[in-house]
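Chemist: Sequence first, predicted coordinates after that:
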Amino acid sequence: MNGSRDERRLTGLHYKSRAPIEVRIDNGLITEIRPLPVQKAQELPYIAPGLTDLQVNGFQGIDFNRPGLSDADIEALVRALWAQGVTALCPTVITNDYERMRSALVAIHKACERSELVRQAVAGIHLEGPFISMEEGPVGAHPVEYVSAPDETLLQSFQEAAGGLIKLLTLSPEWSGAPAFIRQCVKKGLLVSIGHTAATSEQIQEAVQAGTTLSTHLGNATHQMLPRHPNYIWEQLAQDKLTASVIADGFHLPDSVLKIIFRVKRQKAILVSDSTVLAGMPPGAYESPVGGKVVLTEEGKLHIAGKPKVLAGSAQSLLWGVQHLLRQEIVPLPQAWDMASLYPNRLLKRPQKAGLQAGAPADLVLFRYNDPTLALLETYKAGECVWQG
Ligand SMILES: [Zn+2]
């Protein structure tokens, strides 16, 4: 009665405790969480913080790396991700012709300036490359001709194009001068991540000392064959200051590897989708900007046509990753969900890191959970219902 017109109350089961709660929302923020009597618990959906994806190259036909993206394209992508429970994302721009990279960055920056919807959704831009490894395997699908040694002037030109929105930089510390470059980046407020790397253990240790805090899709974009030890996977696993991001779609890493990474990294493991333009599309044969002729299978795997073992990127959302972990019983719901919501926000130091707490932004989702199946019901952004299933 006396509340502002934005006031709203949601009831559900807390995704961790499974206790019935009422979440009170005002002005886009959670104002209070009250326990509810237990009798109606069976009928209630689960309530949880919205998912945050640190690595989105594209989704449902829209590609952040394609020049000439309109604000409407980017808005459509944000809406498509709401339907997957994703309330924040890092648009990811990868190694390419530098002019093309800058134009992609400009498009994202301009959309953030002009569209409230996009601005609220973008947690910062992830620049993946071009300061990565040139070696086959580690370079992955990045065009090697545009890979470069760390270059502050070049990075500055990207940051200017992005209007300062680049928050996360994936690089390989195998280049000489990498530690000094990393220090500069950290000083400017960038989160530096190791990825697409052929670095030695010493180079990884130096990168961590210089302020690197993350590994990008650990275990992917590697050589086909590695020395049993030492190698860059063991070293990154062993570095306690490194959070590990992983693609948990069930195709990029075997379940045993996922399980081991989660056991080792605990609260420093996070899920990313690394979704491409073909993610969220129906199964079929497609022409991909990365990989040419590709096939998206009924099971959700995206591979090069005629080569089912060669992946052509990820075709799934972050929610799929959470669902995969539950279905395979790799981790329980609270941990799977935190790895895709609280932990990425903690890394980015966003207020959403507080999760279901008074004072936190009301970026929330409601879902049914019949172990192990999740069915998304509603997505809320800053207290507003933005998607309903
Ligand atoms: Zn990558």
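Modeler: Received, thanks. This structure is a prediction, so every number in the text was calculated from the model and none was measured.
Chemist: need the helices for this structure, in chain order.
Modeler: 71-82, 98-114, 116-121, 152-161, 178-187, 201-209, 232-238, 255-265, 318-327, 333-339, 342-347 (DSSP state H).
Chemist: how far is the first one from where the chain is centred?
Modeler: A distance of 16 Å separates the centroid of the chain from that of helix 71-82, by CA atoms, centre = their mean, to the nearest Å.
Chemist: just use 251 as the starting number from now, easier for me
Modeler: That works, and once the first residue is 251, the last one we named lands at helix 321-332.
Chemist: Report the buried residues of that helix.
Modeler: Across helix 321-332, burial judged by 16 or more other CB atoms under 10 Å covers 321, 323-325, 327-328, 330-332. For the C-beta atoms, the positions are set from N, CA and C on the backbone; glycine is no exception.
Chemist: again, but for stretch 581-594
Modeler: For stretch 581-594, by 16+ other CB under 10 Å, it's 581, 583, 585-594.
Chemist: State the paired neighbours of the helix or strand of the chain with the lowest mean pLDDT in the sheet, together with their directions.
Modeler: Lowest mean confidence among the helices and strands of the chain (mean pLDDT, DSSP states H and E): strand 557-561, at a mean of 87. Within its sheet, strand 557-561 is paired with strand 552-554 (antiparallel), according to DSSP bridges.
Chemist: for the partner strand, what is the average pLDDT?
Modeler: Average pLDDT, strand 552-554: 90.
Chemist: Also stretch 444-459?
Modeler: 98.
Chemist: what distance separates the start and the end of that stretch?
Modeler: 13 Å (CA to CA, to the nearest Å).
Chemist: Contacts for that stretch, please.
Modeler: Defining contact as CB atoms under 8 Å, 6 or more residues apart in numbering, one finds that stretch 444-459 is touched by 378-379, 382-383, 385, 387-390, 392, 420-424, 428-429, 432, 442, 462, 464-467, 471, 473, 480-482, 484-486, 489, 491-492.
Chemist: again, only using 7 Å
Modeler: Stretch 444-459 is contacted from outside by 378-379, 382-383, 385, 388-390, 392, 420, 422-424, 428-429, 432, 462, 465-467, 471, 480, 482, 485-486, 489, 491-492, using CB atoms under 7 Å, 6 or more residues apart in numbering.
Chemist: repeat for stretch 428-438
Modeler: Residues contacting stretch 428-438 (CB under 7 Å, 6+ apart): 400, 402, 419, 423, 442, 453, 456-457, 460-462.
Chemist: If we use 6 Å, what do you get?
Modeler: Identification of contacts with stretch 428-438 by CB atoms under 6 Å, 6 or more residues apart in numbering yields 400, 419, 442, 456-457, 460-462.
Chemist: which two in those residues are spaced the farthest apart?
Modeler: Across the contacts of stretch 428-438, the longest distance by CB to CB is 16.5 Å; it joins 419 and 456.
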